[in-house]
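# Build me a structure from this.
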Amino acid sequence: MKKLFVRISNWEYWPFSVLYFPVFFYYAWLIIKHRSFFFFTASNPSIEFGGMVGEKKSDIFDLIPDEYMPKTLLIRKGDLERAALEAEKMGFPVIAKPDVGERGNWVSKIHSQQALKKYVEACPVDFLIQEMVDLPIELGVFYAKYPDRDGKVTSIVRKDFLSVTGDGKTTVNQLLEKNTRALMTADLESDYLKQIGSEIPEKGEQVLIEPIGNHCRGTKFLNDNHEIDDELDQAFNTLADQIPEFYFGRFDIKCQSYEDLKQLKNFKILELNGAGAEPAHIYQPGYPLWKAYKDIFWHLSVLSDISRLNRKKGHSYWSFSQGYRKWKAHQRYNRLLANS
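Numbering: from 1, shown residues only. As a prediction, the model looks like this:
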């Protein structure tokens, strides 16, 4: 009952289909306006499906200059030999994640060859191994640029990873039971929590529970839009100009500081998301729902404008049959991940 009450009273925990239900009506209007179900495919012409769903991360990483990326390698399904070799070269821990994936599904921090073997044997799809980036701040920076104009940073979310603070007498599991966010998102049956759940952290000791910066896995999303300024806009214009035909989406980044990021120093791009990305600052706890919808609608209107302008430049929208096949294939892929 407590979990149900928390879910109902805090919209950040609502299912995607419930939260986005009003958005579907606005999207329907955009379909009529463009006379295309899949107008967004022109938003980022270099990314399959505009980056709405089903794009390969490895293809996107190929667009980004190597200097901005942690070492990342594509591993074919079941190829334990190569996975083990490359992870050993990178040095544990490493991050493993599906080449096509979303919302943190099948993303894992791997600490050993034994854990890697378990992941490779279970993962039903091609996946990436990415070196761990040891920088203190993780951000989601949304960027939008109209063709032939400078762009702007439109949203920044800072990620506060799920953790508990010890009091010297309470176990990790007991601390989690008192944590509302953990109640809603933590996998209490995970191997990691089974391992540390009975431990008693010292007073003031902070124990990281979830190392993956995804909202549905317990990370608190904090609104850092106050950090947006002309210097940050210019930095991301310089960055985006080096990525062919990228106009709309979110950079997931680790950096040393905002000051360094504004100078494009001491940062790495963990992922680049296209048309399907959200302005994730809206998930700041207590953020008004009406304001969240306003921000979502505004970003969709920008997506619409960019797609229209790119179409005028010769980038066509996907046909209904093309888009429908892609959408159905993505649904089958998600079912495969969910059932494995």
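
# ok, Y247 - contacts?
Y247 makes contacts with S43, N44, A144, K145, Y146, P147, G151, A240, I306, N310, as judged by Cβ atoms under 8 Å, 6 or more residues apart in numbering. Every residue, glycine included, has its C-beta placed from N, CA and C.

# Buried residues, stretch 112-120. List them.
A115, L116, Y119, V120 (16 or more other Cβ atoms under 10 Å).

# mean confidence for that stretch?
What stretch 112-120 shows for mean pLDDT is 96.

# Dump it to CSV, restricted to CA.
What follows is stretch 112-120 as a C-alpha-only set of coordinates in CSV (Å, rounded to 0.1, in the frame of the first residue of the first chain):
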residue,chain,number,x,y,z
SER,A,112,35.4,-9.5,-12.8
GLN,A,113,35.8,-12.1,-15.5
GLN,A,114,33.4,-14.3,-13.6
ALA,A,115,30.7,-11.6,-13.7
LEU,A,116,31.4,-10.9,-17.3
LYS,A,117,31.0,-14.6,-18.2
LYS,A,118,27.6,-14.6,-16.5
TYR,A,119,26.6,-11.5,-18.4
VAL,A,120,27.7,-12.8,-21.8
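
# from here on, count from 808
Got it, first residue is 808 now, which makes that one stretch 919-927.

# which other residues reach that stretch?
882, 885-887, 890-891, 894-895, 899, 901, 903, 915, 917, 934.

# Please identify which pair of the residues you listed lies farthest apart.
The distance between the two most remote of these (Cβ to Cβ) is 20.4 Å, for G885 and F899.

# quick one, longest helix in this structure?
helix 1096-1119 (DSSP state H).

# how about low-confidence regions in this structure?
808 (pLDDT under 70).

# hmm, back to that, which one of the contacts of Y1054 is nearest V813?
A951 (33.2 Å).

# Report how many residues lie close to that closest one.
Using other Cβ atoms under 10 Å, A951 has 23 neighbouring residues.

# Distance check, it against K1101.
16 Å (Cβ to Cβ, to the nearest Å).

# Kindly report the same for M991.
25 Å.

# what about the two, which has more around it?
Set M991 next to K1101 and count neighbours by other Cβ under 10 Å: M991 wins out with 16 against 12.

# can you tell me the helix or strand for that one?
Per DSSP states H and E: M991 is located in helix 987-992.

# Remind me what the helix or strand following that helix packs against, helices and strands.
Using DSSP H and E, the helix or strand that follows helix 987-992 in sequence is helix 998-1003. Helices and strands touching helix 998-1003, by 3 or more Cβ pairs under 8 Å, 6 or more residues apart in numbering; DSSP states H and E, are helix 979-984.

# please redo it, this time with the cut-off set to 10 Å
helix 920-929, helix 979-984, strand 1013-1015 (3 or more Cβ pairs under 10 Å, 6 or more residues apart in numbering; DSSP states H and E).

# Just the closest of the buried residues of stretch 919-927 to N1080, please.
Using Cβ to Cβ, the buried residues of stretch 919-927 come closest to N1080 at Y926, 22.8 Å.

# Fine by me, thanks again.
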